[in-house]
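Enquirer: fold the following for me, if possible:
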Amino acid sequence: MVEQGTHKPLVGGSNPPSATTPLDVLADAVARGARALAIPDDAHLVLAVSGGADSMALLHGAARTTSGWHLTVAHLDHALRPDSAADATFVTDVAAALGLPAVVARTDVAALARAEGRSLEDAGREARYRFLAQVAGDDGMIATAHTVDDVAETVLINLLRGSGLAGAAGIPARRGNVVRPLLTERRAALRDALGAAGIAYLHDPSNADPSFLRNRVRAEVLPVLESLRPGAVDALTRFAGLAADDDALLDALAAAELARRRDTDGWIDWHDPPPRALGRRVLRVALGDPAPPAERIEALLEAAEGPRGGIRIELGGGRSASVRERRITLE
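Expert: Predicted coordinates for the structure are as follows:
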């Protein structure tokens with residue numbers, strides 16, 4: 001049975017009472033994360049709701065916790081299953097029962113993946129955040145339901161891909177207008193609260209598909225690590241936090257180094273190259289997002305540190321760099 005929102009919303013999203021019921025557990029989790037992220041009480045929060053357990057915990061927790069927040073439920077149908085439209089109906093019905101507006105859209109993610117040369121996972125993520133950004137507009141904040149478990153999974157996946165510190169940092173609690181108030185919560189605890197409250201949620205069959213790396217990490221790798229070392233998920237999360245701190249420090253150092261090396265005409269002086277680790281950072285900071293592939297950065301460093309000049313390096317995304325007399329210009 002879907003919980004119908006008969007509870008009375010609490011006044012002041014950042015100050016819920018002590019958790020005494022399953023719904024209070026969810027409300028307290030959302031409010032605790034909101035305080036840590038300094039989400040204003042009058043914020044327009046767009047809740048990314050797939051209908052799965054974690055997003056339903058976010059939805060019910062936010063609905064019960066806040067009266068100051070302006071909540072909008074957003075759901076994107078990825079059109080990957082014949083019955084995916086039923087998920088959208090489920091989400092809009094729950095939103096209506098809670099007295100919240102809902103925005104639903106449909107995107108052919110498989111077609112997007114083919115057109116942009118992405119995996120289904122990447123295409124779905126890109127489509128979802130594009131949609132959420134449209135719903136949020138210039139003034140809204142996007143709240144997603146990522147948890148501690150998602151952080152641990154992401155760290156392992158990024159390490160398997162050979163990522164550096166940025167990947168080891170996992171999932172940021174806040175990036176731009178995207179906030180993740182449940183990022184310190186365990187998935188199992190949220191699902192226990194949903195079950196105790198009698199709140200229904202959807203089970204996406206794709207989450208059991210072993211062809212997706214994240215599913216295998218979740219179902220196979222993390223349980224083995226927990227059996228070898230109880231608390232492995234929490235340890236991976238602590239590691240991610242330390243990596244994020246180091247990553248931020250190195251970015252600050254790189255920004256200062258870039259400012260010192262950049263001429264008024266835009267050239268970056270590379271006569272006395274910095275250590276390679278710092279040099280990579282300097283170029284990534286100069287280029288901004290999205291970061292070029294690692295091999296393109298390495299090619300640019302080799303060119304800038306080599307004896308030859310007049311070299312042009314393609315960086316992807318329509319960007320390039322030229323090296324002349326140990327000076328770099330970005331185009």
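Enquirer: ok, residue 270 to residue 156 distance?
Expert: Here the criterion is CB to CB, to the nearest Å. By it, residue 270 lies 36 Å from residue 156. All C-beta atoms are positioned from the backbone trio N, CA, C, and that covers glycine.
Enquirer: can you list the neighbours in contact with the longest strand along the chain?
Expert: Longest strand in the chain, counting residues (DSSP state E): strand 70-77. Strand 70-77 is contacted by residues 42-51, 59, 62-63, 84-85, 87-88, 91-92, 94-95, 100-107, 127-128, 131-132, 135, 140 when judged by CB atoms under 8 Å, 6 or more residues apart in numbering.
Enquirer: buried residues in the next helix or strand after it?
Expert: Where DSSP states H and E defines the elements, the next helix or strand beyond strand 70-77 is helix 84-97. Neighbour-count burial for helix 84-97 flags 87-88, 90-92, 94-95 (criterion: 16 or more other CB atoms under 10 Å).
Enquirer: where do the strands of the stretch 201-331 of the chain begin and end?
Expert: Using DSSP state E, counting those that start in this stretch, the strands of the stretch 201-331 of the chain run over 268-269, 311-316, 319-324, 327-330.
Enquirer: distance between the ends of stretch 88-106?
Expert: 9 Å (CA to CA, to the nearest Å).
Enquirer: contacts for it, please.
Expert: The contact list for stretch 88-106 (CB under 8 Å, 6+ apart) reads 2-5, 49-51, 56, 59-60, 63, 71-77, 79, 85, 131, 135, 202.
Enquirer: which stretches of the stretch 51-200 of the chain form helices?
Expert: Per DSSP state H, counting those that start in this stretch, the stretch 51-200 of the chain carries helices over the ranges 53-65, 84-97, 109-116, 120-136, 148-160, 165-168, 187-197.
Enquirer: what's the offset of the shortest one from the middle of its chain?
Expert: So that's helix 165-168. Centroid displacement of helix 165-168 relative to its chain, using CA atoms, centre = their mean, to the nearest Å, is 13 Å.
Enquirer: and it, what does it pack against?
Expert: The contact analysis (3 or more CB pairs under 8 Å, 6 or more residues apart in numbering; DSSP states H and E) places helix 165-168 against helix 148-160, helix 232-261.
Enquirer: quick one: mean pLDDT for the last one?
Expert: Spelled out, that is helix 232-261. Mean pLDDT, helix 232-261: 95.
Enquirer: so which other helices or strands are in contact with it?
Expert: helix 148-160, helix 165-168, helix 222-228, strand 268-269, helix 276-287.
Enquirer: tell me the most buried of those?
Expert: Across those, averaging neighbours per residue (mean count of other CB atoms under 10 Å) puts helix 148-160 on top, at a mean of 20.
Enquirer: what about residue 252, neighbour count?
Expert: Using other CB atoms under 10 Å, residue 252 is surrounded by 12 other residues.
Enquirer: ok, now residue 146?
Expert: Per other CB under 10 Å, the neighbour tally for residue 146 reads 25.
Enquirer: and the gap between the closest residue to residue 276 other than its chain neighbours and residue 307?
Expert: Counting by CB to CB, 6 or more residues apart in numbering, residue 276 lies nearest to residue 301, which is 6.6 Å off, once chain neighbours are set aside. For residue 301, the distance to residue 307 (CB to CB) stands at 14 Å.
Enquirer: tell me which of these two has more neighbours.
Expert: More crowded of residue 301 and residue 307, by other CB under 10 Å: residue 301, with 21 against 5.
Enquirer: phi and psi next, for the residue positioned nearest the centre of the chain.
Expert: Nearest to the geometric centre of the chain sits residue 171, at 5.3 Å (CA atoms, centre = their mean). When read as degrees, to the nearest 10, the backbone of residue 171 gives phi -110, psi 120.
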